[in-house]
Every structure is written in structure tokens, then in C-alpha cells.
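Engineer: here is my input, please return the structure:
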Amino acid sequence: MSGKRRRLRSISDSHADAVLDLSWNKPNKHILASCSADRTAKVWDLNKARCVYSLSHHSDKVQCVEWSPVEPTMLLTGSYDRTTCLLDSRRPSATLAWQFLTDVECLKWNPHRPEQFVVSCEDGKYYCLDARSPGQHLYSVDAHTGPACSLAFSYFIPGCLVTSGVDMCVKGPVYAVGFSPDSPFIIAAGGQKGKLTTWNLADHSAVVSQFKERAKSYYE
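Structural biologist: This next block holds a predicted model:
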């Protein structure tokens with residue numbers, strides 16, 4: 001094999017600043033959404049290695065993006081302009097919007113209630129919202145004393161949500177968190193210095209007491 005590195009090919013319509021988040025469209029595996037500090041979100045056709053269209057509905061950097069797990073044309077975006085927007089990729093010019101008091105950090109669809117999604121913000125709160133009710137918040141929770149950087153739903157346990165923040169609840173700021181797709185209680189988290197940590201929530205009696213009934217279907 002040659003020791004030469006392949007040169008990366010520049011794609012037209014690429015982002016002009018840091019790419020902050022990606023989301024696969026699971027029913028259409030060749031479709032990828034990206035978002036960037038350049039204030040845009042983009043939808044890509046990976047089979048053709050090209051940008052299908054670019055979205056510029058936000059006025060500040062776009063921090064997070066996620067396709068709906070049940071409606072493959074519906075896309076959520078969250079921004080430092082303090083809004084979250086929902087759009088249909090078949091008509092990307094029409095958007096529904098939700099306003100917040102601080103910058104949006106992360107957003108996730110609820111896999112057990114697919115009409116709902118959760119947004120975490122810089123003020124440490126997370127908000128539950130319904131895609132059918134633009135502009136309205138179902139409820140909010142004061143989860144952290146600093147920015148709520150990330151959140152994740154359990155694939156197996158309805159109502160089980162994990163959030164992470166920079167308020168040192170563990171041993172330093174936690175910037176990202178996710179559930180295992182194969183186990184109801186295993187989570188992974190990333191913090192400072194490039195370190196990754198895993199936890200088994202089943203080792204915590206309070207968690208087991210709260211969710212053991214809802215986790216039964218996984219073990220049956």
C-alpha cells in the first residue's frame with residue numbers, strides 16, 4: 001500500500017464553519033442532516049455526495065439537529081438564537097418555532113411518545129414540547145445549575161431521561177450522554193480531556209426502584 005494520504009475532496013455547498021451536530025435519517029440511510037456555527041442546517045444525499053438543500057431559518061449558530069424517528073421528512077433544529085424549529089423537508093420554507101429564554105443546547109425526540117420532544121438550554125432547564133402545538137411548552141424542569149449540555153432517552157424504558165451539564169454533579173463537566181441501544185440501564189458520557197465513561201444505572205437503587213416495572217418488557 002502507498003504511504004500517501006488521500007486528499008479530501010471539497011464538496012460544494014459545504015459548511016463555512018464548525019459542524020456541531022449530525023443526524024441520520026434512519027428510514028433513508030443515504031440522507032444525513034448537519035448543522036453548523038455558520039448559522040445553517042443542511043440535508044445531504046450521501047449516495048451522490050452532495051447537499052440537497054441548505055436551511056437558513058436561524059439567525060445564530062445551529063447547535064443541534066434531529067430527524068423524527070417516525071416521520072422521516074420531519075426535522076428539528078435548535079439554535080443559539082434561542083429557538084427550536086420543526087420543518088418538513090418536502091416544504092423546508094415552512095417552519096414551526098418554539099422560543100426559549102436562553103440558547104438551545106440539545107434536543108431529542110421521545111421514542112415512546114413520538115409527537116413529543118425535549119429541548120435542553122443554557123439556563124440548565126429542559127423543556128418538553130409537542131410537535132402539534134407550536135410555541136407552547138408542556139412543562140419545564142430545572143435540571144442543572146449551569147448549561148444542560150446533552151440529554152438522552154432510554155430506548156427500552158418509557159419516561160427514562162438522562163441529562164448532562166457542567167455543574168460538576170459527577171467529577172467535572174459532562175458534555176455528552178447517551179443510552180446503549182442494547183441495554184436499558186447502560187449509559188455512556190463524555191467530559192473533559194477526551195475521556196469516556198460508562199455507568200450501569202441498575203447499580204443505583206433509586207433508579208431501579210423508579211423504573212424496574214417499566215423495564216420488565218426488556219427482560220421478558
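
Engineer: look through the chain and tell me its longest strand.
Structural biologist: strand 91-99 (DSSP state E).

Engineer: name every strand pairing with that one and say which way it goes.
Structural biologist: Here strand 91-99 has these sheet partners by DSSP bridges: strand 83-88 (antiparallel).

Engineer: what residues sit buried inside the partner strand?
Structural biologist: T83, T84, C85, L86, L87 (16 or more other CB atoms under 10 Å). From N, CA and C alone the C-beta is placed, and that goes for glycine too.

Engineer: now those residues as CSV including pLDDT and distance to E105?
Structural biologist: As requested, these are exported to CSV (pLDDT from 0 to 100; distance: CB to CB, whole Å):
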residue, pLDDT, distance to E105
T83, 98, 13
T84, 98, 11
C85, 98, 15
L86, 97, 17
L87, 96, 20
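
Engineer: which one of the residues you listed sits closest to Y127?
Structural biologist: Comparing the buried residues of strand 83-88 against Y127 with CB to CB places T84 closest, at 8.7 Å.

Engineer: does the closest one touch T95 like I think?
Structural biologist: No - if you go by CB atoms under 8 Å, T84 and T95 don't touch, sitting 10.0 Å apart.

Engineer: the next helix or strand after the longest strand of the chain pairs with which strands?
Structural biologist: Per DSSP states H and E, the first helix or strand lying C-terminal to strand 91-99 is strand 104-109. Strand 104-109 pairs in its sheet with strand 116-121 (antiparallel), by DSSP bridges.

Engineer: which secondary structure element of the protein has the lowest mean pLDDT?
Structural biologist: Ranked by mean pLDDT, DSSP states H and E, the weakest helix or strand in the chain is helix 216-219, scoring a mean of 63.

Engineer: show the average pLDDT along the longest helix anywhere in the chain.
Structural biologist: Identified as the longest helix of the chain according to DSSP state H is helix 205-211. Mean per-residue pLDDT for helix 205-211: 87.

Engineer: in that helix, which residues are buried?
Structural biologist: Those would be V207, F211, for helix 205-211 by 16+ other CB under 10 Å.

Engineer: tell me which residues of stretch 142-152 are tucked away?
Structural biologist: Buried residues in stretch 142-152, defined by neighbour count with 16+ other CB under 10 Å: A143, H144, P147, A148, C149, S150, L151, A152.

Engineer: and stretch 176-191, by the same measure?
Structural biologist: Buried residues in stretch 176-191 (16+ other CB under 10 Å): V177, G178, F179, S183, P184, F185, I186, I187, A189, G190, G191.

Engineer: sweet, I'm off.
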